[in-house]
Every structure is written in structure tokens, then in C-alpha cells.
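Asks: based on what follows, work out the 3D shape:
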Amino acid sequence: MIRPFKVQDADLIMKLWLETNVSAHSFINADYWRNNYDSVKEMLPDATLYIYEENNVVQGFIGLMNAYIAGMFVSQQFQSKGIGKKLLDHAKAENSNLILHVYKKNEHAVHFYLREGFVINHEQTDEKTGEIELEMTWISRNRNRNEHE
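Replies: Numbers count the residues shown, from 1 in each chain. Modelled structure (predicted):
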């Protein structure tokens with residue numbers, strides 16, 4: 001089930017944030033993620049967070065800053081089970097358009113977002129990591145249809 005973030009979720013989702021980032025971004029030194037842990041945790045109150053939980057186990061979450069997907073993370077043991085799609089579908093239901101950045105080398109995530117209807121707008125270099133990242137957007141088809149009617 002998807003539910004809103006509760007303050008008591010903070011430590012658990014930050015652990016998930018760190019583990020998932022280190023695992024998914026082997027091309028970036030793990031210290032980068034560890035060094036950003038506290039600043040990301042401080043930003044949690046500014047984001048809209050949705051938690052995916054089953055049997056009282058948090059399995060993933062998505063963080064939004066308005067229509068910007070600041071991040072989506074699914075615990076390694078629960079990946080490839082449709083949780084990311086459910087979280088993304090929830091975000092799509094709440095927004096008529098979405099934007100995100102994803103590292104080009106994170107091919108699994110890039111393919112996932114393309115499959116889910118996102119398009120690549122452009123590439124840029126992340127100044128903090130030196131890695132190429134893609135800016136991707138999704139626009140609701142219903143919104144386009146309604147605008148043309």
C-alpha cells in the first residue's frame with residue numbers, strides 16, 4: 001500500500017536512500033552519498049514523500065518537490081516486483097507532468113523511465129559528481145487531449 005510519509009519513517013527511509021544510492025551508482029564513490037546524508041535528511045520536510053509498505057515493512061518510497069521527482073528508491077530485496085511502477089503511477093495520478101534527473105550510467109533506471117513514458121530532454125554534467133545525467137519528463141496524455149478539445 002502507498003501512504004504518506006510519517007516523521008517516524010525518516011531514519012528508515014534515509015537508510016534505504018543510502019543503501020540504494022550506493023548500490024545503483026557503483027560509478028560514484030560511496031563517500032559522496034554518505035557525505036550528503038545529513039543534508040538530504042534535512043530536506044525531507046520540504047518534500048512530498050509517499051511510502052510503499054506491505055506487512056508493516058517499508059519497501060520503497062518516492063520523493064517529490066512539486067512536479068520534480070527528487071528520488072525514487074526501492075529496497076534491493078523488493079526490486080523488480082512492480083513497486084517502483086506503483087510509486088510512479090501514484091505520482092502520475094497526483095501530477096499532470098513530472099520531471100527528473102537520472103545518471104546516464106544508471107541504465108536500469110533510464111530504461112524504466114523510458115518504459116513508463118518519460119522522454120529525454122537533454123544531457124548535462126552533474127557538477128558535484130562529474131557524471132552525465134539525463135533530464136527526463138513525462139506529460140499526461142489526458143492533459144494533452146483536454147488542452148486540444
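Asks: what about the strands in this structure?
Replies: Secondary structure of the chain by DSSP state E: the strands cover 2-4, 48-54, 57-65, 68-74, 97-103, 119-125, 132-139.
Asks: and of those strands, who's closest to residue 31?
Replies: With Cβ to Cβ as the measure, strand 97-103 is the member of the strands of the chain nearest residue 31 (16.6 Å). (Glycine included, C-beta is placed from N, CA and C.)
Asks: ok, that closest one: who's next to it in the sheet?
Replies: Strand 97-103 sits in its sheet next to strand 68-74 (parallel), strand 132-139 (antiparallel), going by DSSP bridges.
Asks: tell me how far the longest one is from the chain's mean position?
Replies: By that I understand strand 132-139. With Cα atoms, centre = their mean, to the nearest Å as the basis, strand 132-139 stands 12 Å off its chain's centre.
Asks: so what's residue 122 up against?
Replies: Residue 122 makes contacts with 134, 135, as judged by Cβ atoms under 8 Å, 6 or more residues apart in numbering.
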